[in-house]
Structure formats: structure tokens, C-alpha cells
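K.L.:
build me a model from this:
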Amino acid sequence: LGIDTGHDRLNLAITDFRGDFVSSEYKIPYTYTNNKDCFQALLDKINTFVDQTGISRDRILKACMTVGGRVNHKEGKAHNYFTCLDLPLAEALTQGLGIDTCIDNDTRCMTYGEWLKGCCKGYRDVVFVNVSWGLGIGIIINGKMYLGKSGFSGEMGHVHIYNNGIICHCGKTGCMETEASGSALQRHITHKLADGAVSLLSNRPDPTAELSLQDILEAIKHEDVLGIESLQQMATELGNNLAGIINIFNPEMLVIGGDLSVTGDNLVQPIRMGINRFSLNMVSEDSIIATSTLTDKAGVTGACLLARHRVIEPL
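P.N.:
As a prediction, this is how the structure comes out:
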């Protein structure tokens, strides 16, 4: 069982042991708040999904849930997600679902899914970039996931880059994701709309409601000029920063994934330009820059496959 939690949605899937989907449900409305009622609501949504599949719980060998931010997968602890619980998150999920459950970082799950089922299948040195509400990277070195000492590797979004005085959700200022992420894109477009910019987003049913990332992606899909221009500016900034990742890791492939990857070339081409501008040519010429082929299913795919991996190789 794979459980993929996003900023404003939930993806659920069950696979067989080969990794092929048996049942799935995507974009289930879900808004995270750090309280026990929200956790119970999450359990209810997952339990309803499992019950509706008709699959007996004793046939589900393992579950894995993706979690944004810092996750110690060995201890089953999330350090900034459902910290209100009395138990480690993985243990609370196991009790609430009646299924042995583990947790892992969302970007790492996406990386694992893309590596086994997506565009970088068979490559041994890969960097996966999760461009969603936040920003993170997954790293595969010599055919193995690089985790770091406590599983906290890949927090590229919280590298200090800017002296912009913007407070990141981590509590620091000037983090990379304050200018190169979905949340940064939302902030910039909100400000432009407030200054009178013309956009399809001005005609939302409730223009006073907070602009969501899905609102922006839908507008870009319909060729909204403000959305496309803002996305490309953000993507160029991200590419400038990813040039350093190319120089450090010299990967076979750099994969652009996450929620914003559905925008295709509107995102990837400016990233390429930024990388070409600031990376060493001899290094960047070694790296293929690709877009995730699993797109918004990468997280739930990787969660299912990591659950299988934990069955085969328990911690």
C-alpha cells in the first residue's frame, strides 16, 4: 500500500509484488493541519480506500507513506509532520490502519519510483528534483539511494541562497525554495494580481480566496500569459541553482519531477538555460536533463515500491 501526501491532495495505491497497480485513487482532497482530528481524517480516507478495494488487510504485507520534510525512516519519526501525536508517526499509522506501515521522505519516494519504473530506470547516478510546493532532491549514487546519516539528505530547498528577508516555512530566511518552488510561484503571482496584472486567475469563482498551486497549474494549462511568464522566471532561477548540483554530482541524469513537472517545456527549458549558464560545460554535457515520466504518480509509485523493499530487506 502506497500513501502519497501532498500539499492539498492524497494519492493512494495498492500494487502486487511485481510493482503493478491493482487499485488506485488520485487527488483525494486533503489539507494537512497538525492536530489529532486531521490525523484521524487521514486514517479514515485510507481505511475507506482499502475497504473499497475488497482486498483483505492480511494480504497487504506493508504500507509506506510519503512525508514532506525531515524523516528518520529507521525510527519511523517525522520531525515536522503530525508532531502532535503521542507515538512515532509510523507506529501511529500501523495502529490506525491495521497494516505494518513505514514512512519516508516524499522526494526520496518519488526518486525511487522514477528510478525503478520511470525515465531513469537502469541509470546508476541520478539526481531527481522535486519541484512542488517546496523543493527537494533525491540522490542515487552508484545504483543506491543516498540517505545520509539519519535519512535527511536532499534538503536542497533549505540551502541559504538569497538575502531576500523572506522567512521560509523551516523558520530560516533566504532559503532556495523562497524563490524557486511552487510556494514562491504562488507568492509572486498573488502579488502581481494584487498590483492589477491581467490573468485568467483574476476570473476565479472567488477571487478573494487564497490562490492555490492547482489554480496556477490549471491557468498555465490554458496558456495564461501571467502564469507562464512567472513560471519561466522561477524556473530560470531554479536552473541557476541546479547548475551547482550538476557540478557537484556530475550525474548521468537530472530528472525534473514534482507537481510543476506537468507544465513540461515551460518549466524544463528555462531550467536548462539556467544550468547551461552557470554549470561547467564539460560536466553538464555528461548529464541528460529529463522530465519525470511518472509525473504526479511518482510519489505513490515509489511508496509502494519502498514498502515492497522493506518487506524484502527490513531495517
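K.L.:
contacting residues around the closest residue to Gln232 other than its chain neighbours?
P.N.:
Excluding the flanking residues, the one nearest Gln232 by C-beta to C-beta, 6 or more residues apart in numbering is Pro270, at 4.6 Å. The C-beta positions use only the backbone N, C-alpha and C, and glycine is treated the same way. Neighbouring residues of Pro270 by C-beta atoms under 8 Å, 6 or more residues apart in numbering: 232-233, 235-236, 238-239.
K.L.:
phi, psi of Pro270?
P.N.:
The phi/psi pair for Pro270 (degrees, to the nearest 10) reads phi -60, psi -30.
K.L.:
among the contacts of Pro270, name the ones in helices.
P.N.:
Those of those mapping onto helices are 232-233, 235-236, 238-239, per DSSP state H.
K.L.:
tell me which of these is nearest to Gly174?
P.N.:
Nearest to Gly174 among the ones in helices among the contacts of Pro270 is Leu238, at 15.3 Å by C-beta to C-beta.
K.L.:
so who does Gly136 touch?
P.N.:
105-107, 129-130, 154-157.
K.L.:
buried only: go through these for me.
P.N.:
The neighbour count (16 or more other C-beta atoms under 10 Å) marks 105-107, 129-130, 154-157 as buried among the contacts of Gly136.
K.L.:
which elements pack onto the helix or strand of the chain with the lowest mean pLDDT?
P.N.:
Using mean pLDDT, DSSP states H and E, the weakest-scoring helix or strand in the chain turns out to be helix 281-284, at a mean of 83. Helix 281-284 sits against helix 225-249, with contacts defined as 3 or more C-beta pairs under 8 Å, 6 or more residues apart in numbering; DSSP states H and E.
K.L.:
and the next helix or strand past the helix it packs on?
P.N.:
Using DSSP states H and E, the helix or strand that follows helix 225-249 in sequence is strand 253-257.
K.L.:
what's in contact with that following strand?
P.N.:
Outside strand 253-257, the residues touching it (C-beta under 8 Å, 6+ apart) are 110-111, 114, 118-120, 123, 125-131, 242, 245-246, 267-268, 271, 275, 287-292, 294-295, 298.
K.L.:
could you do stretch 7-16 as well?
P.N.:
Under C-beta under 8 Å, 6+ apart, the answer for stretch 7-16 is 1-4, 21-32, 42, 45-46, 49-50, 53, 55, 60, 132-133, 182, 212-214, 259, 296-297, 299-301, 303-305, 308.
K.L.:
buried ones in it?
P.N.:
Neighbour count says stretch 7-16 has 7, 9-15 buried, by 16+ other C-beta under 10 Å.
K.L.:
and if you look at stretch 239-257?
P.N.:
Buried, per 16+ other C-beta under 10 Å, within stretch 239-257: 239-243, 245-246, 249-257.
K.L.:
can you check stretch 255-274 too?
P.N.:
Buried, per 16+ other C-beta under 10 Å, within stretch 255-274: 255-263, 266-268, 270-272, 274.
K.L.:
on that earlier part again, for the contacts of Pro270, which one is nearest Ser150?
P.N.:
For the contacts of Pro270, the minimum distance to Ser150 (C-beta to C-beta) is 26.5 Å, reached by Leu238.
K.L.:
isn't the closest one right up against Asn130?
P.N.:
No: contact criterion C-beta atoms under 8 Å: Leu238 and Asn130 do not qualify, at 11.4 Å.
K.L.:
which stretches in this protein count as strands?
P.N.:
According to DSSP state E, the chain carries its strands in the segments 2-5, 9-15, 21-29, 63-67, 71-72, 77-78, 101-105, 126-131, 135-141, 144-145, 253-257, 288-291.
K.L.:
winner for burial among those strands?
P.N.:
A comparison of the strands of the chain by mean neighbour count, using mean count of other C-beta atoms under 10 Å, puts strand 126-131 on top with a mean of 29.
K.L.:
for that one, enumerate the helices and strands it packs against.
P.N.:
Using 3+ C-beta pairs under 8 Å, 6+ apart, strand 126-131 sits against helix 106-117, strand 135-141, helix 225-249, strand 253-257.
K.L.:
those: which one's closest to Glu75?
P.N.:
Nearest of those (C-beta to C-beta): helix 106-117, 15.4 Å.
K.L.:
show me what that closest one is packed up against.
P.N.:
Using 3+ C-beta pairs under 8 Å, 6+ apart, helix 106-117 sits against strand 2-5, strand 63-67, strand 126-131, strand 135-141, strand 144-145, strand 253-257, helix 298-312.
K.L.:
next, the angle strand 101-105 makes with the last one.
P.N.:
What that stands for is helix 298-312. 130 degrees (axes from the mean of the first three to the mean of the last three C-alpha atoms, to 10 degrees).
K.L.:
average pLDDT across helix 298-312?
P.N.:
Average pLDDT, helix 298-312: 96.
K.L.:
which residues are in contact with it?
P.N.:
With contact meaning C-beta under 8 Å, 6+ apart, helix 298-312 is reached by 1-4, 6, 11-15, 17, 19, 24, 26, 61-66, 102, 104, 106, 108-114, 116-118, 257, 292, 294.
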